[in-house]
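**Q** All I have is the shape, not the residue letters:
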DNA sequence: CCGGTTCTTTGACTACAGTCAAAGATTATG
DNA sequence: CATAATCTTTGACTGTAGTCAAAGAACCGG
């Protein structure tokens, strides 16, 4: 990766300062005007019932601290705390009717605040602002995502493949049979590799590389979680897989894809892959691609 | 102004949440790792010597709170506090050598943090992010600026005209004579109007409207502070002036401008003004424009 | 069913952020 | 030149955020 230029850093920090101090601070102040900010945030995060444990990990809070805040909300009649049905060690916390009303009021105020800020702009300017914010957020999310090799049998790898299979199954008219998935040993150790993309600790994408013939590798199951699409993550996964393939001495990479996945095909084409005749008879592929690698990078 | 659509509000809040929690929080945590966040911020704001009073108003801090923080920084040897030369009630605070070193280190760390965040992106993506952030910041600043009518003799109005005169004087080869400025009574009450644009309480632009003939008004001294340019503020001022003119029953607006101000001319043209022969012999104008208003808005 | 682990609660803290009011020093103003 | 206004300092607070450790209850694996 290229070193980050000082211009980019300066611009980033300028925006960061401006936004955090001016808008973010305002927001926090607004949110926390009736009750402590921590409690207000908690109210936000309790959707329709979560365990304290999940809140604790999601918000990275101290167990004692969280316990007390939850109790405060309970005595205020905003949440109901009960023993979790599946595991009596856990506590399940959910909004009461009063809590839902309170949350709605909080949202209304936050909306009004946002609307007040946007009020001075014309519709065209609001459109531009929305687009710029969307672009910035997508790129910031992408920047925060890491791609790491994991063992093909690792839980994260299996979780991704499960999600992939379910996704494809729902999308293809003919459905998807899990027997077509790579087996762990095909993508572990000498045989191949498996990459998982993580956003804030959660797997949001994957890609597999396996040996097809000597010096010929195959890419499989390049997949991105629906929440993480349109960020440019697939391309990042592709780059990681190609770098790995080059390091392993593969001269050629092949892959197959399905006619219905038009974005995927466009990505492969723009990534230097060209369509070739079928090289194998996977059940679900109907387009085949190949790319010649330029050799391992020293 | 149009009502703000729920899409715009939702998108704004989504970005706000993401950015404040993810990036802003990180930044604060980083900045405040050695000393309290308040003190770290203070160190940032003390450039080359300011008065406590200025810090107090700029950061909106309690006087006692600020006094104590400053003293803490002083005992740590980071700042020097002395009686202000002009006014012995005031305290002048400035960085010591150690303070400057500390600040530099703080900046280095913040830069490293930003660079770390941008590291996962390609140069093209960083460019796009920078541009999106710049656009968003400009629009947010514009949204936060208010335009208000003030008396032509008000201090803010005079301050703007002074800045305008100095600006023009530096830009025109022939200089600028202050006698060409409108007199307060020409733009007050029945005679005319004067608008000032405020960003966070500070005047950053102005524009004057005065009566030239019955039903014919003239726009003068439409000016934007250099720090607030390229935000679209001039257009906002123009709109405010035109609305005011229409309300006062003017059917035609005229103005003159200088050949060297090409952006200004482009703005007037795109705003519906067309070039006309000289209607008066102001010393400094050499292009004349006119716009026919559509009448007062009910 | 025993030992280790997980989850929550409680007690006991610490530090930071921020407010309010009184008082002293200095400057501006009628 | 007396009085009001301004600025800073100090004392005395409050509330929020957050940490750490101990202990009890429930679960899990062998």
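**A** Sure, I can see it. Model, not experiment: these values are computed from the prediction.

**Q** Check the burial of the residue of the stretch 51-200 of chain A found nearest DNA strand C by counting its neighbours.
**A** Closest to DNA strand C within the stretch 51-200 of chain A is residue A:64: 2.6 Å, counting by C-beta to the nearest atom of the strand. From N, CA and C alone the C-beta is placed, and that goes for glycine too. Each residue near residue A:64 was counted by other C-beta atoms under 10 Å in any protein chain shown, and the total is 8.

**Q** would you say it is within a strand?
**A** No: assessed with DSSP: H, G, I helix; E, B strand; the rest coil, residue A:64 is helix; it does not lie in a strand.

**Q** Show me where chain A dips below the pLDDT cut-off.
**A** Along chain A, the model assigns pLDDT under 70 to residues A:1, A:281-283, A:295-298.

**Q** From the centre of it, point out the most distant residue.
**A** residue A:75 (36.2 Å; C-alpha atoms, centre = their mean).

**Q** From residue A:254, how far out is residue A:216?
**A** Noted for residue A:216: a distance of 7 Å to residue A:254, by C-beta to C-beta, to the nearest Å.

**Q** The two: who's more crowded?
**A** Counted by other C-beta under 10 Å, residue A:216 and residue A:254 do not tie: residue A:254 has more neighbours, with 20 against 15.

**Q** Pull the contacting residues for the more buried one.
**A** Residues in contact with residue A:254, defined by C-beta atoms under 8 Å, 6 or more residues apart in numbering or on different chains, are A:212, A:216-219, A:276, A:279, A:288-290.

**Q** now residue A:5
**A** B:123, B:126.

**Q** Does the longest strand seen in chain A reach chain B?
**A** In chain A, taking DSSP state E as the definition, the longest strand is strand A:202-213. No: Strand A:202-213 does not reach chain B (C-beta under 8 Å from any C-beta of the partner chain); its nearest approach is 13.8 Å.

**Q** can you give me the strands in chain A?
**A** A:50-51, A:79-83, A:91-95, A:146-150, A:192-199, A:202-213, A:216-224, A:252-257, A:274-276, A:287-292.

**Q** Reformat these into JSON lines and put distance to DNA strand C next to each item.
**A** Below are the strands of chain A laid out as JSON lines (distance: least, C-beta to the nearest atom of the strand, whole Å):
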{"stretch": "strand A:50-51", "distance to DNA strand C": "5"}
{"stretch": "strand A:79-83", "distance to DNA strand C": "6"}
{"stretch": "strand A:91-95", "distance to DNA strand C": "4"}
{"stretch": "strand A:146-150", "distance to DNA strand C": "20"}
{"stretch": "strand A:192-199", "distance to DNA strand C": "20"}
{"stretch": "strand A:202-213", "distance to DNA strand C": "16"}
{"stretch": "strand A:216-224", "distance to DNA strand C": "28"}
{"stretch": "strand A:252-257", "distance to DNA strand C": "39"}
{"stretch": "strand A:274-276", "distance to DNA strand C": "49"}
{"stretch": "strand A:287-292", "distance to DNA strand C": "44"}
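
**Q** helices or strands next to the longest strand of chain A in the packing?
**A** helix A:155-171, strand A:192-199, strand A:216-224, helix A:233-247 (3 or more C-beta pairs under 8 Å, 6 or more residues apart in numbering or on different chains; DSSP states H and E).

**Q** how close does the residue of the stretch 51-200 of chain A closest to DNA strand C get to DNA strand D?
**A** Distance, residue A:64 to DNA strand D, using C-beta to the nearest atom of the strand, to the nearest Å: 3 Å.

**Q** just residue A:229 next, same as before
**A** Residue A:229 sits 32 Å away from DNA strand D, going by C-beta to the nearest atom of the strand.

**Q** what residues does chain A put near DNA strand C?
**A** Contact residues, chain A versus DNA strand C (C-beta under 7 Å from any atom of the strand): A:51-53, A:56, A:63-64, A:67-68, A:70-71, A:81, A:87, A:89-91.

**Q** Note down every partner strand of the longest strand of chain A and its orientation.
**A** Neighbouring strands of strand A:202-213 in its sheet, by DSSP bridges, are strand A:192-199 (antiparallel), strand A:216-224 (antiparallel).

**Q** so how far is it off the chain centroid?
**A** Between the centre of strand A:202-213 and the centre of its host chain there is 16 Å, according to C-alpha atoms, centre = their mean, to the nearest Å.

**Q** Next, the buried residues of that strand.
**A** A:203-212 (16 or more other C-beta atoms under 10 Å in any protein chain shown).

**Q** Now distance to DNA strand D too, for those residues, in JSON lines please.
**A** Output for these, formatted as JSON lines (distance: C-beta to the nearest atom of the strand, whole Å):
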{"residue": "A:203", "distance to DNA strand D": "22"}
{"residue": "A:204", "distance to DNA strand D": "26"}
{"residue": "A:205", "distance to DNA strand D": "29"}
{"residue": "A:206", "distance to DNA strand D": "26"}
{"residue": "A:207", "distance to DNA strand D": "30"}
{"residue": "A:208", "distance to DNA strand D": "28"}
{"residue": "A:209", "distance to DNA strand D": "32"}
{"residue": "A:210", "distance to DNA strand D": "31"}
{"residue": "A:211", "distance to DNA strand D": "34"}
{"residue": "A:212", "distance to DNA strand D": "38"}
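
**Q** Looking at strand pairing, list the partners for residue A:81.
**A** Beta bridges link residue A:81 to residue A:93, judged by DSSP bridges.

**Q** Neighbours of it, how many?
**A** 14.

**Q** That one is in contact with residue A:92, isn't it?
**A** Yes: using C-beta atoms under 8 Å, residue A:81 is in contact with residue A:92, at 7.3 Å.

**Q** residue ranges of the helices in the stretch 1-150 of chain A, please?
**A** Assigned by DSSP state H, counting those that start in this stretch, the helices in the stretch 1-150 of chain A fall at A:6-18, A:25-31, A:37-45, A:52-59, A:63-75, A:97-118, A:123-144.
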